[in-house]
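[1] fold the following for me, if possible:
(2 chains)
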Amino acid sequence: MNAVKERLHPGQVGWLLLALTLVTLPHVERLPWWVTLLAVMLLAWRVYITWHALHMPPKWLLFIIAGGTVGGIYIHYGRLMGRDSGVTLLVVMLALKLLEMAALRDAMVLVFLCYFLVITNFLYSQSIPTALYLLVVVWVITATLIGFQFRQQQPGYRYQFRSAGFMLLQSIPLMLVLFVLFPRISGPLWGMPQDALSGTTGLSDEMSPGSVSKLLTSDAVALRASFRSEVPRPNQLYWRGPVMWDFDGYTWSASRLGNQLQREVERSGTPIEYTVTVEPHSRRWLFALDLPTRAPAPARLTGDFQLLNPTPVTRRTRYEMTSSPAWRDNAELSNYERQRALALPGRSNPRTAALAERMRKNAVDDRAYANAVLSMFRTQNFYYTTTPPLLGGNPVDEFLFSTQAGFCEHYASAFAVLMRAGGVPARVVTGYQGGEINYVGSYLTVRQADAHAWTEVWFKDSGWTRVDPTGAVSPNRVESGVASAVPQSESLPRQLRGEYEWLQRARMTWDSVTNTWNQTVLEYTQERQFQLMERAGIDNVTWQKLATVMFMLATAITLAVGLLMLVRLRAQRPDPLVRAYARFCAKLARHGVTRHPSEGPVAFSRRAGTMLPAMREAIEQISAYYVELRYGPTATDAGVKDLMTRIRALPAP
Amino acid sequence: MHREKIDNVVKHISQVILGKERQIRLAVACLLARGHLLIEDIPGVGKTTLAHTLAVVLGLQFQRIQFTSDLLPADILGVSIYERESGRFRFHPGPIFSQVILADEVNRATPKTQSALLEAMEEHQVTAEGETRPLPEPFFVIATQNPSNQIGTFPLPESQLDRFLMRIELGYPDAGAERALLQGADRRDLLPKLTPCLLPEELAAAQTAARAVHVSGALLDYLQALVDYSRKSPDYVSGLSPRAALALLAAARAWALMEGRNQVLPEDLQAIVPGVVGHRLFVARDSTRINGAAVSENLIEAVPIP
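    This is a model prediction of the structure:
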């Protein structure tokens, strides 16, 4: 009897199809539509075959389908390796494998591929819902595997789920050990495939009218920050991002300046200490509150106080920061910097240039000029909106003189242009402003919708000084966030609007749980692993040491669980009489007479007696003795021992 | 002691009913276990003869009731008739007041009449006109029944089938037995020549002895495993009831006694399973594993002896 080649029970096929569907489901939105369609068709085909007990399709047909699909995937992705094409290939091959799955062995292969597909899901998402969903999927796959241990009589879904759940529970200690101790080696082998990060949103290195307000519709988290002491007041929460120097009449861009020296800054006020966890955004900036004191390694602090990572931020990054709430810029402006901070493209926005000239003449100094422009924003009919009208070739002219409606980037841009046209050095800073305090986890969540743009102006007496023209138009934007600044009729992510208290509370709890998950599970890096080990008393941690400890602990746990199961088995062990008889049956089986499980002792003795005439007498005696002991009114230990001796005396084949 | 006598009974019956020793032994075991017997088969295979022979050989008083669609409960139980001389009603006992009742073609009568018989079987007493009258001891009903798919029958509901300890099917005789049948005398002519081979006291003693046969925990394990399997397996409409489990045990004890043993073995249980289980366990319609005829064989096959 060869179990591996046995035909599958329809129930087993059903389980496998379920497991396969569940594990592929999250991939569906990422697969090309024709692959999904093909997979569904192949699945349906398999169901049809099982239902009608038909034969499998011929091999050559499967070859053609497989070849065609591989070609299609190559055309679609341009390659066969990599994350997306690899997963697609795997899904298609799994579905195809269904159609040549006749025996149990093929089904086993499929089950293990299902486990592998579980892992591939984590290449796309590592959030809590994903993890929970995949846990359920692993449960279903394990239950499927348990069903394979039975032949024609399926044990029923309850038994399968119960055993699978029990097995998963048993594996928890081992899972914890592996999680805590498995060496985190950073390197190409362990890293994500190259195309793993694409389509993440965030600030860009350019700012044109509409580019920041576009982010408003996104409730994606940009960063989370937890403060050592109190959270600063909202008007201090300027998260500094890309600084833009160059303006081409329409777009501001953040092309880097040459080698910049650290500027001398006179800092005052209590330093704010906090930890930032920034979500991946595929750019190099790290964000910090104005004004960062230093850069977290390996990032670098530029002369205009940007934090630049050496490589794009493609994974969630956590760093400790210190910022000063108040400062005074003392350094001189170099000629080169002044030149760039005043540069305006020749023929664009002529009306703005004229206005600037006029206003600068009326003002006593640069500061008075800046104040005059701000009060113009305040007193004239400017208003703040997330849906500003589109602007044409001279956006600043159009904004200042006709539409007068805009979002922060319009004001920042217009203000900076006015300053430059009036001979005052100015630059635009983009980043985030504000954030939502999560009372549950006591940290600050900053979303993409909190994106903001403001300006910095260079005054003789105070150097680079932050001026937020949006605050002049709509103080609410700075004090209490975007939601209070724009009319109710304009669309914003639901999170930013006021809402029911319970809903807000639930949302904050969820965000807090997510944050904890990010901080403790996903951000459990090599560094933190080593820290933990040092706290546990292991000095000079190396990954070799970790591996050793891991293997030792894993072995110890496996042994402990195994021992526990052995003890339980021993407790369930049948009494010596039953064991003696089992031994007797085993001995006869070696002689070629196997007892059917439902064959009674007398019937078996009769059959064995006729088949083995030489041992007939002994067999009958032993059987009669066993029957007397097991089914008769009296059974003694001595009798059992006697029986055992007689069974031992039976000749071996 | 009991074994020889019972073997003798079986031998005598086998002279009349040829080639059906297994069924005869089951019928005798059923009687020893104080249960009622249902014989189900097509007409002409010797149902009535078996019942009649059984009564004669056991030396019991015998009454035959032919069930028809117009038979009334009073026709079985008896009726009170006004007597002019005494000016009172006097109860005339019906044929049920007898030790062995042959209820012939029980499924031809209406359910009302059927239930009158079945109540008497269960309670061993008859209540008519407000008075309860005990039935004689031993009281043994052998009912015969045509397969329910024949015309003009009222199939017994499951709850009433359960009242019969065993149901057996006779089936066609094998070629040798049939040849002997064809060559020999008419079976019914043999009946008067039969003499009782068991005294009433001996029968009562054998019945008492059957109840005293030892049942070990190991055997109860097996019995429970069988019952449990019938309840959990998707192959059956519903599992065996506790009453069925009791019936299995009683019948197995009687069988062990007939085998001359003082303890019940798994083989004894297996031997009576076909008789006890056949009319209590129904194969689920969507079961692919079992066809209706092999219910008991499959049950035995499927459950390992612990």
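
[2] can you pull the contacts of residue B:25?
    Listed by CB atoms under 8 Å, 6 or more residues apart in numbering or on different chains, the contact set of residue B:25 reads B:10, B:255, B:258. All C-beta spots, glycine's among them, are computed from the backbone N, C-alpha and C.

[3] oh sorry, the question was meant for residue A:253
    Listed by CB under 8 Å, 6+ apart, the contact set of residue A:253 reads A:205, A:206, A:207, A:244, A:246, A:247.

[4] now do the SS call for residue A:229.
    coil (DSSP: H, G, I helix; E, B strand; the rest coil).

[5] what about the spatially closest residue to it that is not a sequence neighbour, which SS state?
    Spatial nearest neighbour of residue A:229, chain neighbours left out: residue A:273 (7.3 Å); criterion: CB to CB, 6 or more residues apart in numbering or on different chains. Three-state assignment for residue A:273 (three-state DSSP): strand.

[6] burial of residue A:273, as a residue count?
    Around residue A:273 there are 13 other residues, counting by other CB atoms under 10 Å in any protein chain shown.

[7] list the contacts of it.
    Contacts of residue A:273 (CB under 8 Å, 6+ apart): A:227, A:228, A:229, A:320, A:321, A:322.

[8] which element is the residue of the stretch 201-306 of chain B found nearest chain A on?
    Proximity of the stretch 201-306 of chain B to chain A (CB to the nearest CB) peaks at residue B:304, 3.2 Å away. Using DSSP states H and E, residue B:304 maps to neither a helix nor a strand.

[9] if I look at the nearest residue to it once chain neighbours are set aside, how far off is residue B:299?
    Using CB to CB, 6+ apart and skipping the chain neighbours, the partner closest in space to residue B:304 is residue A:597 (3.2 Å). Residue A:597 sits 13 Å away from residue B:299, going by CB to CB, to the nearest Å.

[10] who's more crowded, these two?
    residue B:299 (24 against 12).

[11] tell me if I'm right that the more buried one and residue B:274 touch.
    No - in this structure, residue B:299 is not within contact of residue B:274 by CB atoms under 8 Å, at 9.4 Å.

[12] what does chain A have sitting close to chain B?
    Taking CB under 8 Å from any CB of the partner chain, the part of chain A that reaches chain B is made up of A:152-153, A:578, A:597-603, A:627-628, A:630-633.

[13] compare those residues and tell me which is most surrounded.
    Neighbour counts for the residues of chain A next to chain B peak at residue A:631, which has 27 neighbours (criterion: other CB under 10 Å).

[14] contacting residues around the closest residue to residue B:88 other than its chain neighbours?
    Distances taken as CB to CB, 6+ apart place residue B:82 nearest to residue B:88, at 7.5 Å, with adjacent residues excluded. When contacts are counted by CB under 8 Å, 6+ apart, residue B:82 touches B:88, B:89, B:90.

[15] quick check, residue B:82 in a strand?
    Yes - inclusion of residue B:82 in a strand is indicated when three-state DSSP is applied.

[16] what pairs with it across the strands?
    On the basis of DSSP bridges, residue B:82 takes part in beta bridges with residue B:89.

[17] which strands or helices does the host helix or strand of residue A:67 pack on?
    If you go by DSSP H and E, residue A:67 is part of helix A:59-77. Using 3 or more CB pairs under 8 Å, 6 or more residues apart in numbering or on different chains; DSSP states H and E, the elements in contact with helix A:59-77 are helix A:33-52, helix A:83-98.

[18] again, only this time at 7 Å
    On a contact count with 3 or more CB pairs under 7 Å, 6 or more residues apart in numbering or on different chains; DSSP states H and E, helix A:59-77 meets helix A:83-98.

[19] hang on, the earlier thing: most surrounded residue in the contacts of residue B:25?
    Neighbour max across these (other CB under 10 Å) = residue B:255, 28 neighbours.

[20] dump the residue contacts of the residue of the stretch 351-500 of chain A found nearest chain B.
    Minimum separation of the stretch 351-500 of chain A from chain B (CB to the nearest CB) falls at residue A:440, amounting to 48.2 Å. Counting by CB atoms under 7 Å, 6 or more residues apart in numbering or on different chains, residue A:440 touches A:508, A:509, A:512.

[21] how about the secondary structure of it?
    Applying three-state DSSP: residue A:440 is coil.

[22] can you tell me the centre-most residue of chain A?
    For chain A, the residue nearest the mean C-alpha position is residue A:126 (2.0 Å; CA atoms, centre = their mean).

[23] what separates the residue most central in space within chain B from residue A:105, distance-wise?
    By CA atoms, centre = their mean, the mean C-alpha position of chain B lies nearest to residue B:37, the distance being 0.9 Å. Distance of residue B:37 to residue A:105, given as CB to CB: 53 Å.

[24] how about residue A:562?
    For residue A:562 relative to residue A:105 (CB to CB), the value is 27 Å.
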